[in-house]
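Peer 1: got a structure for you, letters missing:
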């Protein structure tokens with residue numbers, strides 16, 4: 001059975017507008033709550049850049065007391081599909097106590113000096129978010145950011161609308177969502193935004209480092225589990241033409257114990273048509289309860305299936321988290337340690353916690369073997385608009401990162417953040433694909449055996465970023481910031497050290513990723 005893209009989007013929109021839930025639900029990047037929404041909740045901080053909301057309040061401005069839900073019902077892995085209950089943000093456009101409309105200004109202004117190139121880069125972004133609860137049971141967020149900039153490095157994850165040769169480019173970042181919850185079990189969403197699955201700074205499942213995309217999502221919370229399904233509508237530039245592809249993924253989060261969580265992830269990338277068949281959106285991948293790998297085999301397709309698992313453990317103020325992702329592998333070749341090219345997998349291990357009331361930390365390691373996430377053509381790659389959907393480095397790398405966040409008290413004004421990343425990457429040599437660029441076909445590989453992380457031209461990197469920020473406008477979480485980023489790169493006999501100081505003003509409502 002074939003369903004085209006237009007029909008599927010229409011179905012999601014109709015569903016979003018026709019069935020409103022019984023709970024006020026909001027969705028903002030980087031912030032989540034403990035437990036399901038039930039009219040009362042407390043808002044907590046994630047460790048993301050975007051994320052500090054110190055207080056939650058009803059639109060009627062009544063105080064909200066913490067919602068104490070048993071620990072085994074709390075799930076933290078899925079962001080920014082986040083359940084916020086009546087968070088006060090922006091300027092109120094409606095005085096109705098149950099039908100709030102808020103206007104949130106967006107600002108993203110900054111000037112960066114590249115000392116090694118003696119070049120001044122800038123970004124000039126303005127926009128808005130219009131958040132509304134037109135009825136008590138639903139949530140709508142419409143808006144985004146428009147940015148004029150002369151540097152792609154200052155616009156990670158934004159969509160370029162201008163000619164690639166233009167010196168001044170126009171970038172956009174849509175952040176639109178419709179959400180509804182028929183009860184405390186189900187949650188439905190549709191929008192044009194990014195999502196993140198995991199507990200780390202990076203993710204090997206689904207990251208928000210890349211570009212926004214149209215999507216539909218269903219989530220269900222039951223017993224000690226939360227299950228989510230994402231339908232994503234992606235595209236790639238192939239031979240100068242924009243072509244569509246789709247990704248369906250599902251994720252199960254199971255709190256085995258109050259302090260122990262186990263997760264399972266699976267995703268399939270498929271193209272709607274090829275030279276032989278116009279498939280549309282395969283109905284087999286619309287089924288939220290099917291395993292994609294057996295389904296792919298039964299159809300005899302060449303779709304790209306990714307599977308993974310995660311384990312998180314929380315002990316007092318410390319969390320240990322991990323992810324493992326498998327693209328393809330052969331157990332006999334792993335045991336033989338032959339370096340077979342199709343043993344494609346990655347792993348993450350991290351620890352984060354609170355050292356004191358003023359200081360929190362994170363230490364995280366990531367590695368991905370060559371050719372992981374890649375496939376035959378860009379329409380089968382685990383990526384979107386030329387960017388990886390998982391770790392931003394793609395594959396053929398290993399890194400360790402650390403992060404420190406300091407603030408004077410629980411409701412601080414001045415915040416200081418330090419980030420550092422050290423690792424190795426392998427890059428391609430001439431026309432040979434050594435497995436670093438996931439958009440290169442794995443057919444053009446130099447060797448079937450003896451492959452290892454860092455093969456090709458070995459690149460060693462060390463990146464630091466130190467940032468201080470201070471609030472300007474609390475209604476939009478707008479802060480002034482000053483930062484210094486350093487980048488050291490070594491390849492063979494080539495070495496480069498760059499200093500990138502930057503000052504600016506921005507809304508802390510999304511993650512400003514420039515740490516890679």
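Peer 2: Done, it's in. Quantities reported herein were computed from a predicted structural model and do not represent experimental measurements.

Peer 1: pretty sure residue 332 is in a strand, no?
Peer 2: No - the assignment for residue 332 (DSSP: H, G, I helix; E, B strand; the rest coil) gives helix, which keeps it out of a strand.

Peer 1: how far away is it from residue 237?
Peer 2: Distance, residue 332 to residue 237, by Cβ to Cβ, to the nearest Å: 39 Å. C-beta: built from backbone N, CA, C; applies to glycine.

Peer 1: Compare these two and say which is more crowded by neighbours.
Peer 2: Applying other Cβ atoms under 10 Å to residue 332 and residue 237 shows that residue 237 carries more neighbours, namely 12 against 9.

Peer 1: which SSE is that one in?
Peer 2: Assigned by DSSP states H and E, residue 237 falls within strand 225-238.

Peer 1: quick one: strands adjacent to that strand?
Peer 2: Strand 225-238 sits in its sheet next to strand 213-222 (antiparallel), strand 241-257 (antiparallel), going by DSSP bridges.

Peer 1: And these: which comes nearest residue 357?
Peer 2: Closest of the strands paired with strand 225-238 to residue 357 is strand 241-257, at 27.4 Å (criterion: Cβ to Cβ).

Peer 1: List the buried residues of the following helix or strand past the closest one.
Peer 2: Later in the chain than strand 241-257, the nearest helix or strand by DSSP H and E is strand 260-270. Across strand 260-270, burial judged by 16 or more other Cβ atoms under 10 Å covers 261, 263, 265, 266, 267, 268, 269, 270.

Peer 1: pLDDT score assigned to the residue nearest the centre of the chain?
Peer 2: Centrality entry for the chain: nearest residue to the mean C-alpha point is residue 208, 1.9 Å, by Cα atoms, centre = their mean. Listed pLDDT for residue 208 reads 88.

Peer 1: And it, how far from residue 327?
Peer 2: Remark: distance between residue 208 and residue 327 (Cβ to Cβ) = 21 Å.

Peer 1: Who are the contact partners of residue 243?
Peer 2: The neighbourhood of residue 243, defined by Cβ atoms under 8 Å, 6 or more residues apart in numbering, consists of 235, 236, 237, 271, 379.

Peer 1: no no, residue 193
Peer 2: By Cβ under 8 Å, 6+ apart, the residues touching residue 193 are 80, 174, 175, 176, 177, 212, 213, 215.

Peer 1: before we move on, what about residue 339?
Peer 2: By Cβ under 8 Å, 6+ apart, the neighbours of residue 339 are 449, 450, 451, 452.

Peer 1: and with 10 Å instead?
Peer 2: 333, 369, 370, 447, 448, 449, 450, 451, 452, 455 (Cβ atoms under 10 Å, 6 or more residues apart in numbering).

Peer 1: By neighbour count, which of the residues you listed wins?
Peer 2: residue 370 (27 neighbours).

Peer 1: which one is that residue nearest to, not counting chain neighbours?
Peer 2: The shortest distance from residue 370 to any residue other than its chain neighbours is 2.5 Å, reached at residue 435 (Cβ to Cβ, 6 or more residues apart in numbering).

Peer 1: Neighbouring strands of the helix or strand containing residue 469 in the sheet, and parallel or not?
Peer 2: Per DSSP H and E: residue 469 is located in strand 457-473. Partners of strand 457-473 in the sheet, by DSSP bridges, are strand 415-427 (antiparallel), strand 478-491 (antiparallel).

Peer 1: Now that strand: buried residues?
Peer 2: 457, 459, 461, 463, 464, 465, 467, 469, 471.

Peer 1: Farthest pair within the residues you listed?
Peer 2: Within those, two members stand farthest from each other by Cβ to Cβ: 457 and 471, at 44.3 Å.

Peer 1: Direction included, what does the helix or strand that contains residue 352 pair against?
Peer 2: Taking DSSP H and E as the definition, residue 352 sits inside strand 344-354. Each strand paired with strand 344-354, and its direction, by DSSP bridges: strand 318-328 (antiparallel), strand 359-368 (antiparallel).

Peer 1: I'd say residue 173 and residue 213 touch.
Peer 2: No - between residue 173 and residue 213 there is no contact under Cβ atoms under 10 Å: 11.9 Å.

Peer 1: shared neighbours of these two, anything?
Peer 2: Counting by Cβ under 10 Å, 6+ apart, the residues touching both residue 173 and residue 213 are 159, 192, 193, 194.

Peer 1: Name the SS class of the second one, please.
Peer 2: Under three-state DSSP, the three-state class of residue 192 is strand.

Peer 1: Show me the beta-bridge partners of it.
Peer 2: Counting by DSSP bridges, the residues bridging with residue 192 are residue 176, residue 214.

Peer 1: Tell me how many other residues surround it.
Peer 2: Residues lying near residue 192 (other Cβ under 10 Å) number 16.

Peer 1: Pull the contacting residues for it.
Peer 2: Residues near residue 192 by Cβ under 10 Å, 6+ apart: 142, 144, 173, 174, 175, 176, 177, 212, 213, 214, 215, 233.

Peer 1: residues contacting the nearest residue in space to residue 486 that is not next to it in sequence?
Peer 2: Once flanking residues are discounted, residue 486 sits nearest to residue 464: 4.8 Å by Cβ to Cβ, 6+ apart. Applying Cβ under 10 Å, 6+ apart to residue 464 gives the contacts 402, 418, 419, 420, 421, 422, 484, 485, 486, 487, 488, 515.

Peer 1: so how far is residue 485 from residue 464?
Peer 2: 7 Å.

Peer 1: Give the residues shared as contacts by the two.
Peer 2: With contacts defined as Cβ under 10 Å, 6+ apart, the residues shared by residue 464 and residue 485 are 419, 515.

Peer 1: rewinding a little: make CSV from the shared contacts of residue 173 and residue 213 and add pLDDT and distance to residue 134 to it.
Peer 2: Formatted as CSV, the shared contacts of residue 173 and residue 213 follow (pLDDT from 0 to 100; distance: Cβ to Cβ, whole Å):
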residue, pLDDT, distance to residue 134
159, 90, 28
192, 94, 19
193, 91, 19
194, 90, 24
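
Peer 1: Looking at these, spot the one nearest residue 286.
Peer 2: residue 192 (19.7 Å).

Peer 1: on that earlier part again, put the buried members of the contacts of residue 464 into a PyMOL selection.
Peer 2: Filtering these down to the buried ones (16+ other Cβ under 10 Å) takes a single PyMOL command:
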select buried, resi 402+419+420+421+485+486+487+515
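
Peer 1: Give the full set of residues in contact with the closest residue in space to residue 106 that isn't next to it in sequence.
Peer 2: Distance criterion Cβ to Cβ, 6+ apart; nearest residue to residue 106, sequence neighbours excluded, is residue 127 at 3.9 Å. Residues in contact with residue 127, defined by Cβ under 10 Å, 6+ apart, are 104-108, 143-147, 172-175, 507.

Peer 1: Nice, that's everything, thank you.
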